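Asks: Generate a structure from the sequence data that follows.
(chains A and B)
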Amino acid sequence: MVVKFVVNSKKRAYKGPPFKRLIDVLRDDFGLTGTKEGCGEGECGACTVLIDGQPVNSCLVPVGQVENCKVETVESLGSSAELHILQKAFLEEGSAQCGFCTPGMLMTSLAWIRNGGSDKSQEIREYLAGNLCRCTGYQHIINAVIGAVREYKKAKARRKGLFLPSPRVSGERAG
Amino acid sequence: MKFLKAHTPDEAVRLFGQHPEAIPLAGATDAMVAWNVGRLNGKIILDLSAIDEWKTIQILRNSLKIGSLVTHAEIQRHPVIRKKFSLLAQASSQIGSTQVQNRGTIGGNIANASPAGDTFPPLAVYNALIHTVSFRGPRVLAFLDVFAWVKKTRLHPSELIEAVEIPYPSPVPKRWMFRKVGTRSAMIISKTVAAGLLWMNKDATVNKLRFALGSVAPTVKRLKTAEAFVAGKRLTPDVVEHACRIMADDISPIDDIRSTAEYRLQVSQNLLRSFLKF
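Replies: As a prediction, this is how the structure comes out:
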């Protein structure tokens, strides 16, 4: 079976059994090894990628179901020269220890901020509940996402040419 | 393994008629786990995920018709479902995880017939109807009649779920509740899951109670005995306690890896009590 779909803005054609898992197609056929396999049964979220903008477990998607879909993996985020807002936030907050869950955490968080998700800790925790981390205790990850949501909103406002006043330090006086 | 893909309802009906032994595939969130451990080897799979006709939510005069391939994420986002069927919206937002809600479908959830299906107690109290199609023609079943046993439905060979229809509750209930009790917030299979609707008369007696529980019997259960008992009565502490006691007649919780029968019964009684108490 031939399945045509788009991966990180690039047209791809997969040839092979239709029930191959999307994660295996990404890693083995396309060499995109940023996506990690944790549990292989949808419990841990390490393999999260976006299909048409929504996070899914790539270990639970047969490639035969992604015909004409838009798939995004962690490789679509920034480069080391120009980091994505989320990557920068994860780095600054120290949100990774072993790093195995990080690609999945980044992709679920990406959908959250793009879909207009809030900077409320409880809501972010609920959205990210399908991504397990056994190192950090989550707090640094949540902090990074909160920061990234705020950055993202600011950047979006700047692009639209809106003026957002920066918080004024008390006692500060103009020139 | 043989992989069949249907692109239209007609094609699905035809293919399933030719291959009644095929396993229908919707969001694949459960089937892929089975596949990964080799339990689908040699089977025929009928992929329904490309059938756009079954992905719509139709707002009808007296009811809402949700296509079988509508995902849990789409259900919880839908403005009419959030407003009129909030128990279903809540249940859909607590299934699996964000990732699973984006793939898993309401039709797949029903056809899977898990005793712990989280959408089942809401669909049971809303008196949902299940529309099916097969080469024999269309059929409509009452929601509770779909389930035969653990993981077993009463669907005929070659029969597919086309849509779930839920009538608007009229009048609007006085009280409603959805509660899922589990160990972890995401991906957990419920120890018990409950939904309730309550209508009151002007004289503060119960007009009608509908209460359903999942995970405490081979299939989802409406508490028919307790529902009939409270009808026409004031919800005094004695009435509420008696309703909780006779709940045991309608459910049959078991000990398993997730919980014990004793705990499940206790929690289920606590849920009914908290729902009925003022």
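Asks: Quick check: whatever residue of chain B ends up closest to chain A vs residue B:248, distance?
Replies: Here chain B gets closest to chain A at one residue, residue B:97, 2.3 Å apart by CB to the nearest CB. C-beta here means a position set from N, CA and C on the backbone, and glycine is covered the same way. Noted for residue B:97: a distance of 33 Å to residue B:248, by CB to CB, to the nearest Å.
Asks: Tell me which helix or strand residue 122 sits in.
Replies: Looking at chain A here, since you left the chain open. If you go by DSSP states H and E, residue A:122 is part of helix A:121-127.
Asks: Correction: the question concerned chain B.
Replies: Using DSSP H and E, residue B:122 maps to helix B:120-125.
Asks: what packs against that helix?
Replies: Applying 3 or more CB pairs under 8 Å, 6 or more residues apart in numbering or on different chains; DSSP states H and E, we find helix B:120-125 packed against helix B:86-94, helix B:106-112, strand B:192-200, strand B:206-214, strand B:221-222.
Asks: repeat that for 7 Å
Replies: Packing partners of helix B:120-125 (3 or more CB pairs under 7 Å, 6 or more residues apart in numbering or on different chains; DSSP states H and E): helix B:86-94, strand B:192-200, strand B:206-214.
Asks: quick one: contacts of the last one?
Replies: To tie it back to what came earlier, the one meant is strand B:206-214. B:115-118, B:120-121, B:124-125, B:190, B:192-201, B:220-223, B:226-227, B:230-233, B:235, B:251, B:268, B:272 (CB atoms under 7 Å, 6 or more residues apart in numbering or on different chains).
Asks: picking up where we left off before, now do the helix holding residue B:122: everything it contacts.
Replies: Identification of contacts with helix B:120-125 by CB under 7 Å, 6+ apart yields B:87-88, B:91, B:143-144, B:164, B:178, B:193-197, B:210-214, B:220, B:222.
Asks: Grab the nearest non-local neighbour of the residue nearest the centre of chain A.
Replies: Nearest to the geometric centre of chain A sits residue A:107, at 1.4 Å (CA atoms, centre = their mean). Spatial nearest neighbour of residue A:107, chain neighbours left out: residue A:48 (4.5 Å); criterion: CB to CB, 6 or more residues apart in numbering or on different chains.
Asks: Bridging across strands, which residues link to that neighbour?
Replies: Beta-bridge partners of residue A:48, counted by DSSP bridges, are residue A:57.
Asks: got the contact list for it?
Replies: Residue A:48 neighbours (CB under 7 Å, 6+ apart): A:55, A:56, A:57, A:104, A:107, A:108, A:131, B:99.
Asks: show me what contacts the second one?
Replies: Pointing back at residue A:56 there. Contact analysis of residue A:56 by CB under 7 Å, 6+ apart lists A:48, A:49, B:99, B:102, B:103.
Asks: closest to residue A:150 among these?
Replies: Distance to residue A:150, by CB to CB, is smallest for residue A:48 among the contacts of residue A:56, at 22.5 Å.
Asks: Please tell me how far the closest one sits from residue B:97.
Replies: Residue A:48 sits at a distance of 9 Å from residue B:97 (criterion: CB to CB).
Asks: Would you mind listing the buried residues in stretch B:223-234?
Replies: B:223, B:226, B:227, B:229, B:230 (16 or more other CB atoms under 10 Å in any protein chain shown).
Asks: Please enumerate residues in contact with it?
Replies: Residues contacting stretch B:223-234 (CB under 7 Å, 6+ apart): B:204-206, B:208-211, B:213, B:239, B:242-243, B:246-247, B:249-250, B:272.
Asks: just the buried members of those?
Replies: Using 16+ other CB under 10 Å as the burial test, these include B:206, B:208, B:209, B:210, B:211, B:213, B:239, B:243, B:247, B:250, B:272 as buried.
Asks: does the closest residue to the last one other than its chain neighbours sit in a helix, a strand or a coil?
Replies: With CB to CB, 6+ apart as the measure, residue B:244 is the residue that lies nearest to residue B:272, at 5.4 Å, once sequence neighbours are left out. When the structure is reduced to helix, strand and coil (DSSP: H, G, I helix; E, B strand; the rest coil), residue B:244 reads as helix.
Asks: quick revisit: tell me how far the next helix or strand along the chain from the helix holding residue B:122 lies from the chain's centre.
Replies: Going down the chain from helix B:120-125, the next helix or strand is strand B:129-133, by DSSP H and E. Here strand B:129-133 is found 14 Å from its chain centre; the criterion is CA atoms, centre = their mean, to the nearest Å.
Asks: May I have the strands that pair with strand B:129-133, each with its orientation?
Replies: Sheet pairing here is set by DSSP bridges, and for strand B:129-133 it gives strand B:139-142 (antiparallel), strand B:160-167 (antiparallel).
Asks: quick one on the thing from earlier: pLDDT score assigned to the residue nearest to residue A:107?
Replies: For residue A:48, the model assigns a pLDDT of 98.
Asks: Domains of chain A: list them as residue ranges, please.
Replies: A:2-76, A:85-159 (automatic domain parsing).
Asks: how about those in JSON lines, adding distance to residue B:172?
Replies: Putting the domains of chain A into JSON lines (distance: least, CB to CB, whole Å) gives the following:
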{"stretch": "domain A:2-76", "distance to residue B:172": "32"}
{"stretch": "domain A:85-159", "distance to residue B:172": "28"}
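Asks: So which of these is nearest residue B:68?
Replies: domain A:2-76 (15.6 Å).
Asks: Figure out how far the closest one is from the centre of its chain.
Replies: Relative to its chain's centre, domain A:2-76 lies at 14 Å (CA atoms, centre = their mean).
Asks: Same question for stretch B:88-97.
Replies: Chain-centre distance of stretch B:88-97: 11 Å, with CA atoms, centre = their mean.
Asks: now stretch B:37-53
Replies: Distance, centroid of stretch B:37-53 to centroid of chain: 22 Å (CA atoms, centre = their mean).
Asks: where along chain B do the helices fall?
Replies: Using DSSP state H, the helices of chain B run over B:9-18, B:31-36, B:72-77, B:79-84, B:86-94, B:98-103, B:106-112, B:120-125, B:224-230, B:237-246, B:261-276.
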